[in-house]
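> Here you go, sequence then predicted model.
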Amino acid sequence: MLTRIDHIGIACADLDASVAFYRDTYGFEVAHEEVNEEQGVREAMLRVNGTDDGGATYLQLLEPVRDDSPVARFLARHGEGVHHIAFGTGDVAGAAAAVGGRGVRVLDAAPRPGTMGSSIVFLHPKDCGGVLTELVQAAAHGGAGGEPDLTQE
Ligand code: CMX
Ligand code: CO
């Protein structure tokens, strides 16, 4: 059902400074940058490795673009740090329904647009041992971060 770690989301106050830290310290390069207005973030995806299902694993650096966004609230309460983890799946709606059926609150009634054309849902951190968790279906074949259609659990 969940086939890989898609990314680790990290809240930062200054995206450019955070990108420079990961580049200069570890040598990670930015694969993609975008603003997601719905999520209230400016973000950079740093590709760490490819995976054998055709997907990849990233660090997602997140800077808030408005004060009422989840990342802005997180920064105000906790400061910079790990904000969420994201698991990759070939079927985000199916995975959300399965996890929801096991008693975990799914925060999105239907998948929303995520980075690089992906579809995402979030799970409530209070139902996941304090870890805000995202499920990600990468963009369809051919797009950035595309992965094959995975139908088996
Ligand atoms: N990880 C773990 N716990 C978290 C958390 C996080 N990232 N964010 C909030 N919490 C906890 C808080 O610590 C707080 O716990 P206590 O009540 O014990 O103090 C509780 O959740 C409520 O915190 P809050 O600041 O009042 O936050 P809200 O309830 O308003 O929102 C949440 C929390 C998870 C529902 C909201 O952040 C959300 O909907 N997140 C999903 C969307 C998102 O994070 N988008 C940005 C990333 C986009 C992307 O990855 O593409
Ligand atoms: Co994310």
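The structure has been received and is ready for your questions. Ligands and ions are numbered 1, 2, ... in the order given.

> Just the buried residues of stretch 67-78, please?
Of the residues in stretch 67-78, 69, 70, 71, 72, 74, 75 count as buried by neighbour count, 16 or more other Cβ atoms under 10 Å. For every residue, glycine as well, the C-beta is placed using N, CA and C.

> Among the residues you listed, which lie within helices?
Members of the buried residues of stretch 67-78 lying in helices (criterion: DSSP state H): 70, 71, 72, 74, 75.

> which phi and psi does the closest residue to the second one other than its chain neighbours have?
Residue nearest to residue 71 in three dimensions, not counting chain neighbours: residue 64, with 4.3 Å by Cβ to Cβ, 6 or more residues apart in numbering. The phi and psi torsions at residue 64 (degrees, to the nearest 10) take the values phi -70, psi 150.

> Checking the most far-flung residue of the chain relative to its centre next. Helix, strand or coil?
Outermost residue of the chain with respect to the C-alpha centroid, by Cα atoms, centre = their mean, is residue 24; its distance is 22.8 Å. Using DSSP: H, G, I helix; E, B strand; the rest coil, the structure places residue 24 in helix.

> ok, it to ligand 2 distance?
23 Å (Cβ to the ion, to the nearest Å).

> What about ligand 1: which of the buried residues of stretch 67-78 touch it?
For ligand 1, the contacts drawn from the buried residues of stretch 67-78 by Cβ under 6 Å from any ligand atom are 70, 71, 74.

> and the second one, what does it touch?
By Cβ atoms under 8 Å, 6 or more residues apart in numbering, the contact list for residue 71 reads 11, 39, 40, 41, 62, 63, 64, 83.
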